[in-house]
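Trainee: predicted structure and sequence below. I'll ask about it afterward.
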Number of protein chains: 2
Amino acid sequence: MDFFAPPVEKLIEEFARLPGIGQKTAQRLAFYVLDLPKEDAERFADAIRDAKAKTFTCKRCQNLTDTETCPICADQARDQKTICVVTDPRDVIAFERTREYKGLYHVLHGTLSPMNHIGPDDIRIRELVQRVADEETEEVILATNPDTEGEATAMYISRLLQPFGIKITRLGYGMPVGGHLEMVDEVTLLRALEGRREL
Amino acid sequence: MDFFAPPVEKLIEEFARLPGIGQKTAQRLAFYVLDLPKEDAERFADAIRDAKAKTFTCKRCQNLTDTETCPICADQARDQKTICVVTDPRDVIAFERTREYKGLYHVLHGTLSPMNHIGPDDIRIRELVQRVADEETEEVILATNPDTEGEATAMYISRLLQPFGIKITRLGYGMPVGGHLEMVDEVTLLRALEGRREL
């Protein structure tokens, strides 16, 4: 005999497919949804459907948007000559939270990763090069993650952009603000030492 | 300005409503769903809708089912005179895994909890009493969780059933006090079943 009624089993399966969600958690979530008022469960189902159906990537910066041009690219008050290249839409949010960066973005939607068979054509590198060729870009900030794959991706893109003769920068390395010296790994500490500034 | 496109924000919100899912995890899950092929995202949305629309509670035992009578109540090979009273549909699964218990169940869908304003009318106690009045029940096993609220619920039900003059038992203490039924392994649960005491 099946353990739960088939529609319940199916919902548990779907939750268990999500990253970081095990079988027990999937059961907990499924039963939570089953306990929701019907309207709430339908609103959840609609949110999944709509997020998929109503979002696409901005033609210019490749960030997720539900308008033809994303609000950041459409904002003429922003510096049109600086592009900050990030891995993921969530990284755009991280920069926006600083309230200091006023340039544009380019979202790669991934990192080069030969181990996982992700090559240059699998992320939005071609679109970035095309953009630099078409727009009057003066600086490209490569803000991929400071790990092996992020570094490799930054190096790869910087070589591709070299011929355009524009300024290409990488985020500064160093101590995380509020971090403790003894908690910082050697490589970070070395970079922080290299990047020291006069007071 | 909104951080993510509205349909994305909405999906993150829905995930963040789930128990034990924080803002960061909700974002991670939402972006995972956005990366799914369209068919997979729709299957997920359908699973939520269907689980809600196609399951109801069995008229007899109150367990979740997608058939008129649940497969356990419909199984004439099972002992029709023993009812195991549990808190949650997941507890039924826990008992079925022992492959030893051959009686029926009654699912309360909750525990008495004055702190959370859950009284006798909010869980399926009335249906249990009606059942014992109508059926030729010989034993009711009170298998609520061995914590304060589960104990109180068992005591409350046992007093209600006293007038019927049937055998009323509580699971034996093979279980760790303060533990949850669904987390208990089969062997422990089997011992607890064997060691059940009359109240």
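Mentor: In hand now; what should we look at? As the structure is a prediction and not an experimental result, all values here were calculated from the model.
Trainee: please make it C-alpha for all contacts and neighbour counts, starting now.
Mentor: OK.
Trainee: around chain B, which positions in chain A sit nearby?
Mentor: By the rule C-alpha under 8 Å from any C-alpha of the partner chain, the part of chain A lying against chain B is A:1, A:3-8, A:10-11, A:14, A:18-19, A:29, A:32-34, A:38, A:41-42, A:44-52, A:54-55, A:64-66, A:71, A:93, A:96.
Trainee: from those residues, list the buried ones, please.
Mentor: Neighbour-count burial (16 or more other C-alpha atoms under 10 Å in any protein chain shown) applied to those gives A:4-8, A:10-11, A:14, A:29, A:33-34, A:41-42, A:44-52, A:55, A:64-66, A:71.
Trainee: residue contacts, the most centrally placed residue in chain A?
Mentor: In chain A, the centroid-proximal residue (C-alpha atoms, centre = their mean) is residue A:88; its distance is 1.1 Å. Contact analysis of residue A:88 by C-alpha atoms under 8 Å, 6 or more residues apart in numbering or on different chains lists A:107, A:108, A:109, A:110.
Trainee: near the second one, how many other residues are there?
Mentor: The number of residues packed near residue A:108 is 25, by other C-alpha atoms under 10 Å in any protein chain shown.
Trainee: how much space separates it from chain B?
Mentor: Here residue A:108 is placed at a distance of 14 Å from chain B (C-alpha to the nearest C-alpha, to the nearest Å).
Trainee: mind giving me the domain ranges of chain A?
Mentor: Listed by automatic domain parsing, the domain ranges of chain A are A:6-54, A:77-170.
Trainee: CSV for those, including mean pLDDT?
Mentor: Converted to CSV, the domains of chain A look like this (pLDDT from 0 to 100):
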stretch, mean pLDDT
domain A:6-54, 92
domain A:77-170, 92
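Trainee: which of those sits most buried?
Mentor: Burial of these is given as mean neighbour count (mean count of other C-alpha atoms under 10 Å in any protein chain shown); domain A:6-54 ranks first at a mean of 18.
Trainee: still on that earlier bit, of the contacts of residue A:88, which is the nearest to chain B?
Mentor: residue A:109 (9.8 Å; C-alpha to the nearest C-alpha).
Trainee: ok, that closest one touching residue A:125?
Mentor: No. Using C-alpha atoms under 8 Å as the test, residue A:109 is too far from residue A:125 to be in contact (9.4 Å).
Trainee: what segments of chain A are strands?
Mentor: A:56-57, A:64-65, A:82-86, A:104-107, A:139-142, A:167-170 (DSSP state E).
Trainee: quick one on the thing from earlier: what separates the residue nearest to the centre of chain A from residue A:144, distance-wise?
Mentor: The gap separating residue A:88 from residue A:144 is 9 Å, by C-alpha to C-alpha, to the nearest Å.
Trainee: what helices or strands is the longest helix along chain A leaning on?
Mentor: Counting by DSSP state H, the longest helix found in chain A is helix A:38-54. Applying 3 or more C-alpha pairs under 8 Å, 6 or more residues apart in numbering or on different chains; DSSP states H and E, we find helix A:38-54 packed against helix B:6-17, helix B:23-35, helix B:38-54.
Trainee: need these in a markdown table (columns: distance to residue A:156).
Mentor: Shown next, in a markdown table, are these (distance: least, C-alpha to C-alpha, whole Å):
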| stretch | distance to residue A:156 |
| --- | --- |
| helix B:6-17 | 31 |
| helix B:23-35 | 24 |
| helix B:38-54 | 31 |
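Trainee: ok, which of these comes nearest residue A:119?
Mentor: Nearest to residue A:119 among the helices and strands packed on helix A:38-54 is helix B:23-35; the distance by C-alpha to C-alpha comes to 17.4 Å.
Trainee: could I get the contacting residues of residue A:63?
Mentor: Taking C-alpha under 8 Å, 6+ apart as the test, what residue A:63 contacts is A:57, A:70, A:89, A:105, A:106, A:107.
Trainee: good, wrapping up.
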